[in-house]
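S.K.: fold the following and give me the result.
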Amino acid sequence: MRKILTLLFICICQPVFANNLNDSTKLFDWAESNYPQYFSPAKQPTTPISGLLARYYPDTQNYLATSHDYDVYAYSSSTGGLLSLGKMSNYVTVSEQAYINGQIYTVNESQPWVEAMLIREGKIIAIGDNQVIQVQVSDNTETIDLDNAMVLPGLHDVHLHPLEAGSKSFQFTLDTEETNPNNYIFDIETALVQNPDSTWLLGWGFELHTLLDGVDREPIKILDELSSTRPIAIMEQTSHAMWVNSKALAVANIDVNSPNPVGGVIMKGEDGQPNGLLIDNAGNLIVDLIVASIPDSEQNDYEGLINVALPTLAENGITSVCDARTYWKRNHHLTWQRVENENKLTVRANLGLWLYPTEDDATQIAKLKSLYANDPRRLLKINQIKLYADGVVLNTTAAMQTDYLINLLDIEPNNGVNYVSQNRIAKYIAELEPTGFDFHIHTIGNRGVNEALNAIEQSGSAKGRHRLTHVEYVNPADYVRFKQLNATADAQVAGNFAQPSHWHESDSLIGAELNQAVIPIKSLLEAGARVVLSSDWDVSDVNPFIGIQNAVTRDPQAISLSEAIKAYTINAAYVMRQEHLVGSLEVGKEADFIIIDRNIFNIPQNQINQTQVLETYLKGDLVYPK
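M.R.: So this is what the prediction gives:
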């Protein structure tokens, strides 16, 4: 049967319809009813016909991109028949590119390597060797000679913090490698002078044990000597602690009698007074106060996203991301929505709404449900929940199955903290998974991992695509449970701490035995788990080729190069519920891909991190030129 697309084209058909069709929407109702297969969403309209269609049926958008060879008809109410308007190509200019002579790694196991691909209106319509593609090109096809360059699917980073990475809120940065806290003083004094009008002085970058081990006075006294009238707060490099002065504690109403908040600890000195270190969620509460005091903080977030974060992602070949901590109380979601509404978004983005540990559950659940947004036609979706099950080993707040060897925080039991308990995680999953939310759960300690898996087992369903992120310490008995529960293991190995040479740096906290297999991605894969790799930028470097190199060189927990690439592409696409659209280069999928300067399969593994991205494409559009 001949393919047809029934449309009303006013400027041509006016004589037919002028007297008989007062409401032109009737034609579209008729066409949609009789030819529903031609009313499917695709790209934004750019032509008179598609513009007219979108005017009456904005939800259908534009089917025209893939139908330029169709015959176009209009319905005549006077005759009850169809009026031929010719070929769609008479009205639509189709964008088509043929990429030839390349080394294209598709991540499609049935066709892993090809030479060429044909892209029409942002979708792959053919892929294979040069001859297969060249016989399908038309006079309007733009041909791009890849000159033997390697092509990969657009890379995913499903755990990063773009707004924080691009933030202009931090007024100074300390050297994270510094071992003498007295050497911080000059930088803090300089920042006080350079920012005389800010209510708070906010910095970033210290290392916790530098303050605990490197000086003979309480951390709070160092800052009090610099200012007793302005609140000072400095975020530790992993974001799991804050260093503050007495003025900051007073503004936050924290004193000797303040209880530890859920998921946090107010550290005390030998005199029982707060010593200026707020661990995990205790520090988060301070940050909320600081952000509220910053004029134009939302504008700062917006500018950081469009001027720093998005260009950095494109430069590194990243076309899909998950914001791993979307603070909805700070309107982070509105910043993302503004960027998309202004057509400045250059990645596909899933936002992970932050689950505030101190909020009332019923109120928070209702709020989270109200923010859910999962329009399949949009680049931006709000369809994930980010929560912390525990903290980090460095602070002795990672939830472990045995006690720490030292009681750094003077708490009992001495086996870490829970931001959100197992039963509470299960409660949120039961309430929010039916809405469509997937859960992104911070789990570093083996108890944290076990409890998160228990919560998924208790309340999750086959529809859920939940994941545990970090997975630094996993009880071997839990390896197989990832596959059994369809839970994804999301690992970050780009940081130096993830390399075997650094594994035993925490032996004094948890013992040498637990440090034999930190971030056990090989063991998890062997147990059938789906593994994805991400950066946790700006804690670690965003460059995915650093992560790939580390993943394949970290014996005894190294994985193959093909598995590492899958972890950054098709596996991560599954986590974002878009494996049908992207994650591999196949006919019918959208053209998210990158061109790089070397074939990473043909070079020494210790040179993979030197790979440069030459070009990055999103839906066939160039978003980063080298």
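
S.K.: show me which residues of stretch 121-133 are buried.
M.R.: Applying a neighbour-count criterion of 16 or more other C-beta atoms under 10 Å, the buried positions in stretch 121-133 are 121, 122, 123, 124, 125, 126, 127, 128, 133. All C-beta atoms are positioned from the backbone trio N, CA, C, and that covers glycine.

S.K.: if you could redo that for stretch 362-370, that was the one I meant.
M.R.: 364, 365, 368.

S.K.: still on that earlier bit, let's see which of the buried residues of stretch 121-133 end up in helices.
M.R.: With helices taken from DSSP state H, the overlap with the buried residues of stretch 121-133 comprises residue 133.

S.K.: mind putting the buried residues of stretch 121-133 in CSV, pLDDT included?
M.R.: Converted to CSV, the buried residues of stretch 121-133 look like this (pLDDT from 0 to 100):
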residue, pLDDT
121, 95
122, 96
123, 97
124, 98
125, 97
126, 97
127, 98
128, 98
133, 97
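
S.K.: contacts for stretch 599-609, please.
M.R.: Taking C-beta atoms under 8 Å, 6 or more residues apart in numbering as the criterion, the residues outside stretch 599-609 that touch it are 103, 105, 150, 543, 545, 546, 548, 549, 552, 553, 561, 611.

S.K.: run the last query once more with 6 Å
M.R.: Under the criterion C-beta atoms under 6 Å, 6 or more residues apart in numbering, residues 103, 150, 545, 546, 548, 549, 552, 553, 611 lie in contact with stretch 599-609.

S.K.: got any ranges where the stretch 51-200 of the chain has weak pLDDT?
M.R.: Within the stretch 51-200 of the chain, the set of residues satisfying pLDDT under 70 comprises 51-93.

S.K.: mind doing that once more with 50?
M.R.: Under the criterion pLDDT under 50, the flagged ranges of the stretch 51-200 of the chain are 51-68, 75.

S.K.: all helices for it, in order.
M.R.: 130-134, 162-165, 185-194 (DSSP state H, counting those that start in this stretch).

S.K.: got CSV for those helices, with distance to residue 285 too?
M.R.: Shown next, in CSV, are the helices of the stretch 51-200 of the chain (distance: least, C-beta to C-beta, whole Å):
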stretch, distance to residue 285
helix 130-134, 58
helix 162-165, 17
helix 185-194, 22
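
S.K.: quick one, which of those helices is packed in tightest?
M.R.: Highest mean neighbour count of the helices of the stretch 51-200 of the chain: helix 162-165, a mean of 24 (counted as mean count of other C-beta atoms under 10 Å).

S.K.: could I get the buried residues of stretch 362-370 as CSV with secondary structure and pLDDT?
M.R.: Compiled in CSV, the buried residues of stretch 362-370 are given as follows (DSSP: H, G, I helix; E, B strand; the rest coil; pLDDT from 0 to 100):
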residue, secondary structure, pLDDT
364, helix, 98
365, helix, 98
368, helix, 98
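
S.K.: out of those, which is nearest to residue 328?
M.R.: residue 368 (7.9 Å; C-beta to C-beta).

S.K.: ok, the closest one - contacts?
M.R.: Going by C-beta under 6 Å, 6+ apart, residue 368 touches residue 353.

S.K.: try the one 3 residues further on
M.R.: Counting by C-beta under 6 Å, 6+ apart, residue 371 makes contact with residue 382.

S.K.: residue 388 versus that one, what's the distance?
M.R.: Relative to residue 388, residue 371 is positioned 19 Å away (C-beta to C-beta, to the nearest Å).

S.K.: residue 493 now?
M.R.: In terms of C-beta to C-beta, residue 493 sits 20 Å off from residue 388.

S.K.: same question for residue 313.
M.R.: From residue 313 across to residue 388, the span is 24 Å (C-beta to C-beta).

S.K.: just residue 363 next, same as before
M.R.: When distance is defined by C-beta to C-beta, residue 363 is 19 Å away from residue 388.

S.K.: what is the neighbour count of residue 248?
M.R.: If you count neighbours by other C-beta atoms under 10 Å, residue 248 ends up with 27.

S.K.: ok, now the one 4 residues further on?
M.R.: Other residues near residue 252 number 21, with proximity taken as other C-beta under 10 Å.

S.K.: the spatially closest residue to it that is not a sequence neighbour: which element?
M.R.: Nearest non-adjacent residue to residue 252, counting by C-beta to C-beta, 6 or more residues apart in numbering: residue 286, 5.5 Å away. Using DSSP states H and E, the element containing residue 286 is helix 281-293.

S.K.: so what does that helix touch, helix or strand wise?
M.R.: strand 241-244, strand 264-268 (3 or more C-beta pairs under 6 Å, 6 or more residues apart in numbering; DSSP states H and E).

S.K.: helices of the stretch 201-350 of the chain, start to end?
M.R.: For the stretch 201-350 of the chain, the helices defined by DSSP H, counting those that start in this stretch occupy 208-213, 219-226, 246-251, 281-293, 297-304, 310-315, 332-341.

S.K.: separation between residue 338 and residue 303?
M.R.: Taking C-beta to C-beta as the measure, residue 338 falls 11 Å from residue 303.

S.K.: more neighbours, the two?
M.R.: Set residue 338 next to residue 303 and count neighbours by other C-beta under 10 Å: residue 338 wins out with 18 against 15.

S.K.: next one: the more buried one from residue 377, what distance?
M.R.: Distance of residue 338 to residue 377, given as C-beta to C-beta: 18 Å.

S.K.: again, but for residue 250
M.R.: 50 Å.

S.K.: with residue 477 instead?
M.R.: Where residue 377 is concerned, residue 477 sits at a distance of 43 Å (C-beta to C-beta).

S.K.: quick one: contacts for the most centrally placed residue in the chain?
M.R.: Centroid-nearest residue in the chain, with C-alpha atoms, centre = their mean: residue 322, separated by 1.6 Å. Counting by C-beta under 6 Å, 6+ apart, residue 322 touches 158, 350, 352.

S.K.: in this structure the second one contacts residue 385, no?
M.R.: No. At 10.9 Å, residue 350 and residue 385 do not qualify as touching, with contact defined as C-beta atoms under 6 Å.

S.K.: so who does residue 141 touch?
M.R.: When contacts are counted by C-beta under 6 Å, 6+ apart, residue 141 touches 96, 98.

S.K.: try it again at 10 Å.
M.R.: By C-beta atoms under 10 Å, 6 or more residues apart in numbering, the residues touching residue 141 are 94, 95, 96, 97, 98, 118, 119, 120, 133, 134.

S.K.: how about residue 432?
M.R.: Per C-beta under 10 Å, 6+ apart, neighbours of residue 432: 353, 355, 364-365, 368-369, 372, 384-385, 438-439, 459, 464.
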